[in-house]
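Colleague: what follows is a predicted protein model with its sequence.
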Amino acid sequence: MAEIACERYKDMAATGIADPVLQRALINLQHRFGRGTAEAYRNLPEGPELRFQAKAIRQHAIDHLDLLLERLADKIEARGGHVFFAEDAEAAVTYCQKVADRRGVKRIVKGKSMVTEEIGLNPALMADGIEVTETDLGEYIVQLAGDHPSHIIAPAIHKTRKEIGRLFADKLGIPYTEDPPTLTRAARKALREKFMAADMGITGCNLACAQTGHITTLSNEGNIRMAATLPKTHIAVMGMERVAARLSDHAILFRLLAMGAAAQQMAGYVSYIGGPAGPDSLDGPEEFHLVILDNGRSRILADPEFREMLQCIRCAACLNVCPVYGEIGGHAYGYPYSGPVGAVVTPLLVGVNRAKDLCQGETLCGACRDACPVAIDIPRMLLALRAKLAVGDDRWNVAPAGPAERAVYRIWSRLIGNRRAYDLCLRAAGAGGRLLAGKDGMLGRLPGPLSGWTRSRNLPSPAAKSFMQRWKEMEGEGGSNHD
Amino acid sequence: MTDPRRTSFLKRVRSALGNPLRDESAISAAFADPRPAATAALAKRMRERPPEERAALLVRLSEAAEPLNIQLVQVPDETAAVEAIARIVANSLPEWGGEKRAAAWDHPLISALNLQDALADLGVPVFVTRPAPDVDRGRVRRAVADAFVGVTSAEWCVAATATLAARNPPGAPRSVSLVPSIHVAVIRAEQVVADFQELYALLNAEMDEEGRGLTDAMTFITGPSKTADIEATLVHGAHGPRELHLIVIHG
């Protein structure tokens, strides 16, 4: 399993907000990709309606997942590939270790894959004495720096060209430069040697095709093609939901995936891989393994409230528009899946109580839903998670909120149900507020248990007269602006 | 050969779905074309495409190719295509030093160009990826890695996105369009289709009508290799080819 640091959400968020480099990078990222994706949807020849067609395709696949996985596995096995159904992270990791051991693997090149981050594959293979090299440029930078990816598509977005220049000077022995083309060339040269020397390639899978029995990988750099073509053994790891029923489903999904991920019309490379190289083929791997991973997904599938989340194709469009991700960055989420998608998926995978801050930290503004290429209603599921946190839930082993919090909300619900009591409290709060307010009429610090509310923001002092009071007075004055 | 892991895995999935009925009709419904009428209309449109519409597709292709940094060359015939390739080979230097070498697919369109003879004048040897029963894969790999130019064709080219699509049968290995620094693809104008819906309709039609399924590999290529991983700055030539030249033969 990946390291889980969701409990540190608040601290890490504060660190992110205080980091001026990260702040600039996030503004740049959201400005470019967030707006670019919206623009791409607007210009779709089929109209924005296409996103809902894509959603129906994904829902169809999820509803027939058992049949799809069976067909996919049969077809790949018929071409001589191996398919391993992994119940959890440990089973998947152990299987990969065994294959590497049997094949005498010493050097592995990897294509960027969130699911291998989720199962913690790299550290396990490295502990076996195998050299594991991430080959996506962003992942390579992050790996060289001993850091974690902070964005699903742009893993090194939190690093400046200066930092990368110093890192490459230090680790690759090149003269210091902060010129992105020169830095890219240095990585290209270093990684080309790794590709040629590797005896195993490990990749993820963007979206398999059950009908024909292929996995697919998408990239712009070509590194995933290298990892799936040059080494003698290729292992692909996929979350069990990443499959489409029919080949033609890809026509819509790949275009929307490219738009969501990078505001592109199409990814640079799409590779269909259906097994090891055929007997007459001149290149391609001798052995092909597909690992299909559950690791908590069947539990999400079984719950109608959250099943929609399995439609996700991991494009990261929601990160590029999220006002919360845009402030705190990816590391705060404490798990490979960050942003709005992470705020729903991570609690469901690692435990709702453990990752409660993630779903409580989002704003419910709905930007993620509008940016999603398959129109997933993330705010609905964030609310569902919060409801479980409030009252508890046996199915997801959620402990309910503490007695103090529940008492507060019970009082609150009584209060707002009773007009007179509410008005009374409002007047009291208004009087108290004016006492505590600063010169600008803002409350900088609330007393006692309410201080949490004002720890990181000021609260406007309640108005001297409530809206209802003023309304009545205006009517009494015979003010007739509204007739 | 029932794999107990697979059985219990799929059982868990089925139970999560509420154990739906899985008879023959449910299975065929899962993979059926959801909009057969639209697919048939698409096939008809492609078959009956008039010449002026074909010409418009080429305009659309060149508009899509430009921002992707694809060097599009339209030529009247094979001779002009060979000249275009010779110019690319003559005007570029091997990225990793050493001698100029090229690799090319064993493919009807490419073989007809006689590149071995044409590039011999420039002193550039061409390795052709010809399948043979006793082929030495290690030799193929070295030859492709030593080539600074890789020449391939494609089965289709999608005008809307300037995407090349090709299945990879034995004579058409995927590494030729990947490992050399410069990728040159040669196609005929008739191979250009409008958009992805058309491309997938063709792939489906070939599977259904000719029983010609997908093999172990199929590749779509849209532009040269690129990355934006350093401060979101676009750089070409991350791991794959730095340049992509697309030569379209008319007539």
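Modeller: Looks like it came in fine.

Colleague: can you give me the strands for the stretch 201-350 of chain A?
Modeller: For the stretch 201-350 of chain A, the strands defined by DSSP state E, counting those that start in this stretch occupy A:208-209, A:215-219, A:233-239, A:243-244, A:269-273, A:287-293.

Colleague: which one of the ones you listed lies closest to chain B?
Modeller: Ranking those by proximity to chain B (Cβ to the nearest Cβ) places strand A:269-273 first, at 3.9 Å. The way it works is simple: take the backbone N, C-alpha and C, and place the C-beta from them, glycine included.

Colleague: output the contacting helices and strands for whichever strand or helix holds B:Q71.
Modeller: Taking DSSP states H and E as the criterion, B:Q71 maps to strand B:70-75. Applying 3 or more Cβ pairs under 8 Å, 6 or more residues apart in numbering or on different chains; DSSP states H and E, we find strand B:70-75 packed against helix B:51-65, helix B:78-91, strand B:243-249.

Colleague: can you rerun that using 6 Å?
Modeller: Where contact means 3 or more Cβ pairs under 6 Å, 6 or more residues apart in numbering or on different chains; DSSP states H and E, strand B:70-75 is packed against helix B:78-91, strand B:243-249.

Colleague: just name the most buried of those.
Modeller: Most buried of the helices and strands packed on strand B:70-75 by mean neighbour count (mean count of other Cβ atoms under 10 Å in any protein chain shown) is strand B:243-249; its value is a mean of 23.

Colleague: show me how far that one is from its chain's centre.
Modeller: Its chain's C-alpha centre and that of strand B:243-249 lie 12 Å apart, by Cα atoms, centre = their mean, to the nearest Å.

Colleague: and it with strand B:70-75, angle?
Modeller: 20 degrees (axes from the mean of the first three to the mean of the last three Cα atoms, to 10 degrees).

Colleague: so what strands line up beside strand B:243-249?
Modeller: Strand B:243-249 pairs in its sheet with strand B:70-75 (parallel), strand B:182-188 (parallel), by DSSP bridges.

Colleague: could those go into TSV alongside mean neighbour count, distance to B:M218 and mean pLDDT?
Modeller: Formatted as TSV, the strands paired with strand B:243-249 follow (neighbours: other Cβ atoms under 10 Å in any protein chain shown; distance: least, Cβ to Cβ, whole Å; pLDDT from 0 to 100):
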stretch	mean neighbour count	distance to B:M218	mean pLDDT
strand B:70-75	18	20	98
strand B:182-188	23	15	98
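
Colleague: wait, which of the ones you listed is closest to A:L68?
Modeller: Of all these, strand B:182-188 sits nearest to A:L68, with 33.3 Å by Cβ to Cβ.

Colleague: need the residues that contact the next helix or strand after the closest one.
Modeller: Going down the chain from strand B:182-188, the next helix or strand is strand B:192-193, by DSSP H and E. If you take Cβ atoms under 6 Å, 6 or more residues apart in numbering or on different chains as the criterion, strand B:192-193 is touched by B:57, B:61, B:156-159, B:199.

Colleague: rerun that using 10 Å as the cut-off
Modeller: Defining contact as Cβ atoms under 10 Å, 6 or more residues apart in numbering or on different chains, one finds that strand B:192-193 is touched by B:46, B:49, B:54, B:57-58, B:60-61, B:155-160, B:162-163, B:165, B:198-202, B:248.

Colleague: and if you look at stretch B:41-55?
Modeller: Stretch B:41-55 has contacts (Cβ under 10 Å, 6+ apart) with A:248, B:35, B:56-57, B:159, B:189-190, B:192-195, B:197-198, B:200-202, B:204-205, B:209, B:250.

Colleague: Produce a ChimeraX select command limited to the buried residues of these.
Modeller: Selecting the buried subset of the contacts of stretch B:41-55 in ChimeraX, with 16 or more other Cβ atoms under 10 Å in any protein chain shown as the burial test, is done by:
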select /A:248 /B:57,159,189,192,193,194,195,197,198,200,201,202,204
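
Colleague: and the contacts of strand B:192-193, which of them are in helices?
Modeller: Cross-referencing the contacts of strand B:192-193 against helices under DSSP state H gives B:46, B:54, B:57-58, B:60-61, B:198-202.

Colleague: in the stretch 151-251 of chain B, what residue is nearest chain A?
Modeller: For the stretch 151-251 of chain B, Cβ to the nearest Cβ, closest residue to chain A: B:G240, 2.6 Å.

Colleague: so that residue, which state does it fall into?
Modeller: Under the three-state scheme (DSSP: H, G, I helix; E, B strand; the rest coil), B:G240 adopts coil.

Colleague: quick one: A:C96 is in a helix?
Modeller: Yes - applying three-state DSSP, one finds A:C96 inside a helix.

Colleague: which residues sit in contact with it?
Modeller: A:84, A:86, A:105, A:108, A:116, A:119, A:121, A:124-125, A:128, A:200, A:202, A:235, A:237, A:289, A:291.

Colleague: among those, which ones lie close to chain B?
Modeller: Among the contacts of A:C96, the residues that sit close to chain B (Cβ under 10 Å from any Cβ of the partner chain) are A:84, A:86.

Colleague: filter the contacts of A:C96 down to the buried ones, ChimeraX style.
Modeller: In ChimeraX, this line selects whichever of those come out buried by 16+ other Cβ under 10 Å:
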select /A:84,86,105,108,116,119,121,124,125,200,202,235,237,289,291
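
Colleague: burial of B:R14, as a residue count?
Modeller: 17 (other Cβ atoms under 10 Å in any protein chain shown).

Colleague: so where does it fall, helix or strand?
Modeller: Per DSSP H and E, B:R14 falls inside helix B:4-16.

Colleague: how about that helix: buried residues?
Modeller: Buried, per 16+ other Cβ under 10 Å, within helix B:4-16: B:6, B:9-10, B:12-14, B:16.

Colleague: and if you look at stretch A:184-192?
Modeller: For stretch A:184-192, by 16+ other Cβ under 10 Å, it's A:184-188, A:190-192.

Colleague: and for stretch B:149-166?
Modeller: Of the residues in stretch B:149-166, B:149-166 count as buried by neighbour count, 16+ other Cβ under 10 Å.

Colleague: got the phi and psi for whichever residue of chain A sits closest to chain B?
Modeller: At 2.6 Å from chain B, A:G222 is the closest residue in chain A, using Cβ to the nearest Cβ. Here is the backbone geometry of A:G222 (degrees, to the nearest 10): phi 100, psi 0.
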